[in-house]
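Q: can't give you the sequence, but here's the structure:
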């Protein structure tokens, strides 16, 4: 029997899988469910890399704002807006938000309400150490914009208050976003078998190790008192013109530097906890921990401490890459296992302790040999701004050309192939410092505002999507059609059908867990407002809320700020809207992973059909690639456990 796989189907053949009366929204939801956790690297639309830098600059403010609005107890929001000479308008798009404002304007699909804070921004900054944590999300969003309005208002001498404002806003963000930040810390114990700062600490305190060569670094004067407590002193040379002090990382001081960084991690862990309030000393201790880790990362101290030997240890203890697998790929791989021993528990990822020891690790300093799906989330490079004046809070005035920091998001998958272990660790650790980076950015932004009052308005958009019905029967019926039309001769079609039955089992226990992503909702709203005559599905904009919000989407390019890269479906949706409707959305990029996803209402059918085509192409390619691995494994199984031939 010929086991040669047929050539891949063309677009027409893939389209023919669905009838003209097929519910395209349900098809997309079904396909995204079946492809959950699959990462598809192929770029269908070939976005030019030349636009990356300008895109990053355009997204900078909105990316920082998106993180400030991501508390961790709700789905990640998307934020957009426009900056004019006399006004700033912003909109937060999220879901699962209860709108109780009497000023809300309801369209047929979207709810739009103006955000109004209960306190002024000045009050919120003055009371930073007792910031309430348990507040409705709409209240949190309103508070964030109240603070920004305060920062952007003219003051006689903005530089004189910059330090206190940066401290206050950093702690405010740390309080309100402590769930998210605690998750960032915990992510370090998921990416590695142990948090990388703890791994580094243990390694340097072990037997005699390779230590880095001596090297000098410039650090802000504001961190001096913190470093002195670890017997780390600046060199007796004059400060730089920016006020920086010179520190030497030598073989004699490396352990002290590592101790200091590990202590910063302990402080963060202790502070990110449910609490009515922090006293001033606790808040300041957390601030110092964040600031020193921030500057150790961006000035190169952290990466310098990662010697080739330590890099090999970090690589050997990297755990998530070996475990990363889509549900579809894992289910197909079970076809190679002994049916007598394969069980739901047997198909799960092995425990962390079972992963290869250091002797089987990739080459020192790289992750290039890790063969698993995944691309590090969070490379949204946004050019940094000049830093604050040197003072007691640890800020300085380094020139913009000398500092390219950017905003980072949690790397949730394996690192970029070939990325150094030290560089990847630093990129992860910078996610722990985002409260300071975001606070400093917005304080500086306010300093640069014109010395006049500027109108500042913020709105919240949300929708209640209609969730298509995807059941066990839906999956079974689709599997029957799919494998009747497309052959994978390397593996028995009944076996592949059983894979889909395995994927359908969770649907028998409860309804499909699927979400409408905030980025997609924002894009749907933009399409509705721009491509349907300035109205939202027949609702005529009034003189207030709706007309102001709709005007944001008339810009040639609409920024979509989020706290991490977007998924495959959102990225593809943006590309298709540009192709079909000439709507240009500026995104941070994509990590290329597919999650259960429901299309927002209001997207044109032609766009949805092309998105469905992209997903079914991914499904075919994923199965075709997986069975290449299954067949060789099956041939290696003992005859006694191979599947017996059927007797007709």
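A: Right, received. Where do you want to start? The model shown is predicted, which means the values in this text are computed figures rather than measured ones. Residues are numbered from 1 along each chain as shown.
Q: Pull the contacting residues for the nearest residue to residue 87 once chain neighbours are set aside.
A: The shortest distance from residue 87 to any non-neighbouring residue, by CB to CB, 6 or more residues apart in numbering, is to residue 455 (4.1 Å). From N, CA and C alone the C-beta is placed, and that goes for glycine too. Residues in contact with residue 455 (CB atoms under 8 Å, 6 or more residues apart in numbering) are 86, 87, 88.
Q: pLDDT wise, what is the closest residue in space to residue 23 that isn't next to it in sequence at?
A: Excluding the flanking residues, the one nearest residue 23 by CB to CB, 6+ apart is residue 468, at 6.3 Å. Note on residue 468: pLDDT of 89.
Q: Same question for the one 3 residues further on.
A: According to the per-residue confidence, residue 471 scores 94 in pLDDT.
Q: Ok, residue 333 next?
A: Residue 333 carries a pLDDT score of 74 in this model.
Q: list the contacts for residue 192?
A: Neighbouring residues of residue 192 by CB under 8 Å, 6+ apart: 199, 314, 317, 318, 319.
Q: about what we covered before: out of the contacts of residue 455, the closest to residue 335 would be?
A: When these are ranked by distance to residue 335 (CB to CB), residue 88 comes first, at 56.4 Å.
Q: The closest one belongs to a strand?
A: Yes. Remark: residue 88 belongs to a strand, assigned using DSSP: H, G, I helix; E, B strand; the rest coil.
Q: First-to-last residue distance for stretch 227-239?
A: End-to-end distance for stretch 227-239, by CA to CA, to the nearest Å: 16 Å.
Q: Quick one: mean pLDDT for that stretch?
A: Mean predicted lDDT for stretch 227-239 stands at 93.
Q: Please apply the same query to stretch 286-304.
A: pLDDT averaged over stretch 286-304 gives 96.
Q: Stretch 429-437 now?
A: In this model, stretch 429-437 has a mean pLDDT of 95.
Q: for stretch 562-570, same thing?
A: Per-residue pLDDT values across stretch 562-570 average out to 91.
Q: Any idea how far it is from the middle of the chain?
A: 7 Å (CA atoms, centre = their mean, to the nearest Å).
Q: all strands of the stretch 351-500 of the chain, in order?
A: Per DSSP state E, counting those that start in this stretch, the stretch 351-500 of the chain carries strands over the ranges 455-463.
Q: same deal with the chain?
A: 78-83, 87-93, 105-106, 110-114, 215-219, 245-249, 455-463, 557-559, 584-586 (DSSP state E).
Q: re earlier: nearest to residue 94 among the contacts of residue 192?
A: For those, the nearest to residue 94 is residue 319 (31.8 Å; CB to CB).
Q: For burial, what's the neighbour tally of the closest one?
A: Per other CB atoms under 10 Å, the neighbour tally for residue 319 reads 20.
Q: Does residue 34 touch residue 328 like I think?
A: Yes. Residue 34 lies in contact with residue 328 (CB atoms under 8 Å); the separation is 6.2 Å.
Q: got any residues that touch both of these two?
A: With CB under 8 Å, 6+ apart, residue 34 and residue 328 have common neighbours 503, 619.
Q: circling back to that earlier point, who wins on neighbours among the contacts of residue 192?
A: Ranking those using other CB under 10 Å puts residue 314 first, with 25 neighbours.
Q: what about the residue lying closest to that one once chain neighbours are set aside, distance to residue 297?
A: Spatial nearest neighbour of residue 314, excluding adjacent residues (CB to CB, 6+ apart): residue 421 at 4.3 Å. Going from residue 421 to residue 297 by CB to CB, to the nearest Å gives 15 Å.
Q: Could you report the separation of the closest residue to residue 504 other than its chain neighbours from residue 502?
A: Among residues not flanking residue 504 along the chain, residue 475 sits closest, at 3.8 Å (CB to CB, 6+ apart). Distance, residue 475 to residue 502, using CB to CB: 10 Å.
Q: Let me see the contact set for the closest residue to residue 522 other than its chain neighbours.
A: Leaving aside its sequence neighbours, residue 522 sits nearest to residue 93 (CB to CB, 6+ apart; 4.3 Å). The contact partners of residue 93, by CB under 8 Å, 6+ apart, come to 77, 78, 79, 80, 460, 461, 462, 518, 519, 521, 522, 525.
Q: Greatest separation within these: which pair is it?
A: 460 and 519 (15.4 Å).
Q: since we're on residue 492, how many residues are nearby?
A: Count around residue 492 with other CB under 10 Å applied: 14.
Q: Show the model's pLDDT score for it.
A: So residue 492 comes in at 80 (pLDDT).
Q: Count the neighbours of residue 614 for me.
A: 22.
Q: just use 393 as the starting number from now, easier for me
A: OK, 393 is where the count begins now, so the last one is residue 1006.
Q: mind checking how far the residue nearest to it when sequence neighbours are not counted is from residue 956?
A: Leaving aside its sequence neighbours, residue 1006 sits nearest to residue 964 (CB to CB, 6+ apart; 5.3 Å). The gap separating residue 964 from residue 956 is 17 Å, by CB to CB.
Q: In the stretch 843-992 of the chain, what residue spans correspond to helices?
A: With helices called from DSSP state H, counting those that start in this stretch, the stretch 843-992 of the chain shows them at 864-877, 885-901, 910-922, 937-943, 960-973.
Q: my guess is residue 433 contacts residue 983, does it?
A: No. Residue 433 lies out of contact with residue 983 (CB under 8 Å); the separation is 10.2 Å.
Q: Next, the contact list for the residue nearest to residue 896, please.
A: So residue 867 contacts 422, 425, 426, 892, 893, 895, 896, 899 (CB under 8 Å, 6+ apart).
Q: residues near the first one, how many?
A: Neighbourhood size, residue 422 [other CB under 10 Å]: 24.
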